[in-house]
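A.B. asks: What shape does this take:
(chains A and B)
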Number of protein chains: 2
Amino acid sequence: MKIGIVFGGKSFEHEISIVSAIAMKKVLKAELVYIFCDYNRDFYLIPTDKINSKRFSSGEYKKDKKLTLKNGGFFQKSMMSEKRVEFDVALNISHGADGEDGKIASLLDFFEIPFIGPRNEASTISCNKLFTKIYAREFGVKTLDYKTLEKSSSRDIELKYPVIIKPTRLGSSIGISIVKSKEELDYALDVAFEFDTQVLIEPFIKGIKEYNLAGCKTNEYKFSIVEEPQKDEFLDFDKKYLDFSRTKRVNEADLSSVMVEKMRDTFKKLYEPSFAGSLIRCDFFVLDDEVYINEINSVPGSMANYLFDDFDKIISDLTNFLPIATIVPAQYKYINSIQAAKGK
Amino acid sequence: MKIGIVFGGKSFEHEISIVSAIAMKKVLKAELVYIFCDYNRDFYLIPTDKINSKRFSSGEYKKDKKLTLKNGGFFQKSMMSEKRVEFDVALNISHGADGEDGKIASLLDFFEIPFIGPRNEASTISCNKLFTKIYAREFGVKTLDYKTLEKSSSRDIELKYPVIIKPTRLGSSIGISIVKSKEELDYALDVAFEFDTQVLIEPFIKGIKEYNLAGCKTNEYKFSIVEEPQKDEFLDFDKKYLDFSRTKRVNEADLSSVMVEKMRDTFKKLYEPSFAGSLIRCDFFVLDDEVYINEINSVPGSMANYLFDDFDKIISDLTNFLPIATIVPAQYKYINSIQAAKGK
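C.D. replies: Numbers count the residues shown, from 1 in each chain, chains lettered A, B, ... in the order given. Below you'll find the predicted structure:
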C-alpha cells in the first residue's frame, strides 16, 4: 500500500503537523508520499528520504515539485503533460485550521481523492468546542457546563472561579487560560479573543481525571488502549508540540474494565453519526465515575499511534472502510423537459 | 463591480443551480462572470452573453475555457502562461451538495477567493437538518419536535401520525414524504434512505403557517420582506425548480409588525454565530403566535432576490462586510528553537 501524507496548512499548528507527519515514517510500514501544504497554501511533493523539519523552516522545500489539485488527485507538471502523484489513500495529518476545520477535507472530497480523516461535518463538530458540546449532548454524552461570551458582549459576568477560558474554535491549547479570580479575567479574555470572536468558559476542576481513547470504525470498532496523559494544570503548546512526535507505545491507564467499557460506549456515541473515515482521539474527563467528553481530536497528534498495538494495521484496515459518496446521476431531466415543452 | 457567479456542482440540485445562476443576469446590474462546476467537478468559464440552460444540458459548455483553482482564484491557460479570471467577489449559487455542504465554500476559502455564501461551519449547520435543530435550540430558537432514525435501526417505532419524513442531509424536498399512517411508513423510509443513512421524523401539522424571511448582516442587518410561500402540502421538487427562476418582487405577507419583529429577532439569533458573509433565507413556521425555524437556506433559490426591494444593493453592500480570516504568521518558531537547542 502507498499512503499520501497530507500535512502543513495555514494554521497555528503548521509546525506540529510537520512533526506529526515525520513521525509517520517511523510507525507506518506502507510506502509514503509526502504532500506538504505551505503557509501560502501551495502544495509540494517532498521526497520521502529527504524529509526533516529543517527542509520546511529553511524554505528549502520550495525547490521541490509543486503540485496542483484537480479531479482525481494532486498533479505535477512534467514537460508536456501532467503526472498524478500516485497513492492508494491520503492521510490527512494537518492539525488545526485547514486540516481540522474541514477545508482540506473538502478539497480531498471534492476532488475525489480517497482519504483518512474527518469529513466536513465531523470537522465542524470537533473544531468548534461549543458545537462539540451540543452535538455530544444530542447523542447522550455528558459534557462539563459552560458559558459562551462574544467579543462584543459585556464582560461583567457572574462566574464561579476557577474557570478555564478557551477560544471556541482553536485546538492545541492556544489562547487557553485558567482564571482563578475576577482580577485575572480581563487579561485571559484579551488573550482568547486574539484567536476567536467567541470564547467558552468552563469550570476548572483541579485534579480532574483525564483519559484519552483513540479509535475508528472499520467492519467493527477498533480501539486503542486508554491513556492517562501526563499534565500539569493542562498541556501547554510547548508540551503538546513535543507530544506530537511520540512514536513509542505508552502504558495503559489503571482502570476497571467497566470504566473502559463506559469510555468505549461514549466513543461510539460520538463517532457513529459523523466521524466515519477518520481515526479520532477522544479526551475524556471522569468525575464521580461518569464519563464526560472534553475534546474530540479529529486529527490527533501523530495520529495517536502510540496508543495502538498495531497502528499500521489500523490504518490499512480503515482504508477499506471509507465513506462512499452518494451517487449523483449526471442528468438534465428538468431542463430537457422544459425545453421539450417549449418545442426547442 | 464584477461578480463571479459560481454555480453547478455534483448535486441533485445541479439543474436548479443553473436556473438560479441565469436568474442573476436579470437582477444584478454588476458585470457578471460565470464559473460553472460540471457533474465531473471540472470548472468552466461560460461566456455571459451566451449563457442559457441548453448550453449545459447539451454538453456544449465543454467547448468553453476550462479553469483550474489555485491560490488567489480561478485560472485559465493561455499560450505560455496562466490568466486569472478577474472579479471582485464570487457569489456561490450552487445549491445542495458541494455548494451548501461546505465543499465549494472550503475551496473558495482555502484559495483565498473573497465570496458571498455560507462558510464551512454555517454549511454544516444548515445542510444537516438535525444540526439545524440543535444549533437553533442552543441559541434560543424554537424548532418542531423530532426523532431521528438510522438506516440500520429497527423500524418498529411509535409515532403519532401524520408525520413528515426527511433525509437528514438533503435540501429541495428531495426524498421527503408525508406519512399518514403506519402502513405508509415503510415505503417513505425506503425513499428517504435512498438519499441518506439517517432520517428525521417530525409531526406533520396540516395548514401550519409558513413564512420566509431573507437577509444578511453588513454594517447592520438588512432584511427582505416576509413572504408566505404558496404551497400545497409542501413544495415538491418540480415546483421548487420553477421557483428558482423567480426574478419578480413578490407580495408581502399580511403580518403584524410585532410578528415581523419576532421573525427578525429569530433570524438574528440564527445568523449571528456562524453565517457571516452569506445571504440566507430562513423558513419559519408560526404556531400559536410562536416562531419556529424549519430550515435555513444558506444558498436560497435565485438568492431570494424576489424578496428584496433593492437586491443589487444588498449584494454590493455585503461584499464590503465579508468575514476576515485570522492572520496566521508564517513562522517556524518551534522548529527553529529545537534546532538551536540541538546546535544545528
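A.B. asks: what's around A:Q230, how many residues?
C.D. replies: Residues contacting A:Q230 under the criterion other CB atoms under 10 Å in any protein chain shown number 10. In short, each C-beta sits where N, CA and C put it, glycine included.
A.B. asks: So it: helix, strand or coil?
C.D. replies: Here A:Q230 takes the coil state, with states given by DSSP: H, G, I helix; E, B strand; the rest coil.
A.B. asks: measure it to B:L287 for me?
C.D. replies: Using CB to CB, to the nearest Å, A:Q230 is found at 54 Å from B:L287.
A.B. asks: same check, this time on A:I327
C.D. replies: Note on A:I327: its distance to B:L287, by CB to CB, is 38 Å.
A.B. asks: who's more crowded, the two?
C.D. replies: Set A:I327 next to B:L287 and count neighbours by other CB under 10 Å: B:L287 wins out with 13 against 7.
A.B. asks: check contacts around the nearest residue to the more buried one once chain neighbours are set aside.
C.D. replies: Once flanking residues are discounted, B:L287 sits nearest to B:I208: 6.2 Å by CB to CB, 6 or more residues apart in numbering or on different chains. By CB atoms under 8 Å, 6 or more residues apart in numbering or on different chains, the contact set of B:I208 is B:F285, B:V286, B:L287.
A.B. asks: quick one: A:I296 and A:L270 touch, right?
C.D. replies: Yes. With contact defined as CB atoms under 8 Å, A:I296 counts as touching A:L270 (6.2 Å).
A.B. asks: Show me whatever sits in contact with both of those two.
C.D. replies: In terms of CB under 8 Å, 6+ apart, A:I296 and A:L270 are both contacted by the residues A:C282.
A.B. asks: which of the contacts of B:I208 lies closest to chain A?
C.D. replies: Looking at the contacts of B:I208 and their distance to chain A, the nearest is B:F285, at 20.9 Å (CB to the nearest CB).
A.B. asks: Can you list the buried residues in the strand or helix carrying A:L318?
C.D. replies: Taking DSSP states H and E as the criterion, A:L318 maps to helix A:311-319. Using 16 or more other CB atoms under 10 Å in any protein chain shown as the test for burial, helix A:311-319 gives A:F311, A:I314, A:I315, A:S316, A:L318, A:T319.
A.B. asks: do the same with stretch A:37-48
C.D. replies: Within stretch A:37-48, the residues scored as buried using 16+ other CB under 10 Å are A:C37, A:D38, A:Y39, A:R41, A:D42, A:F43, A:Y44, A:L45, A:I46.
A.B. asks: First-to-last residue distance for that stretch?
C.D. replies: Separation of the first and last residues of stretch A:37-48 by CA to CA, to the nearest Å is 15 Å.
A.B. asks: Relative to the whole chain's centre, how far out is that stretch?
C.D. replies: Between the mean C-alpha point of stretch A:37-48 and the mean C-alpha point of its chain there is a distance of 19 Å (CA atoms, centre = their mean, to the nearest Å).
A.B. asks: Stretch A:62-72 now?
C.D. replies: Centre to centre, stretch against its chain (CA atoms, centre = their mean), the figure for stretch A:62-72 is 23 Å.
A.B. asks: Please enumerate residues in contact with the helix or strand that A:I178 is a member of?
C.D. replies: If you go by DSSP H and E, A:I178 is part of strand A:177-179. Outside of strand A:177-179, the residues that reach it under the criterion CB under 8 Å, 6+ apart are A:159, A:161-165, A:184-185, A:187-188, A:191-192, A:204, A:233-234.
A.B. asks: if you set the cut-off to 10 Å instead, what comes out?
C.D. replies: For strand A:177-179, the surrounding residues in contact (CB atoms under 10 Å, 6 or more residues apart in numbering or on different chains) are A:159, A:161-166, A:184-192, A:199, A:201, A:204, A:206, A:233-234.
A.B. asks: which residues of the stretch 201-344 of chain A fall in strands?
C.D. replies: Using DSSP state E, counting those that start in this stretch, the strands of the stretch 201-344 of chain A run over residues A:209-217, A:221-227, A:280-287, A:290-297.
A.B. asks: that older thread, which members of the contacts of strand A:177-179 are classed as buried?
C.D. replies: A:163-166, A:184-185, A:188-189, A:191-192, A:199, A:201, A:204.
A.B. asks: From the residues you listed, which land in helices?
C.D. replies: Among the buried ones among the contacts of strand A:177-179, the members found in helices (DSSP state H) are A:E184, A:L185, A:A188, A:L189, A:V191, A:A192.
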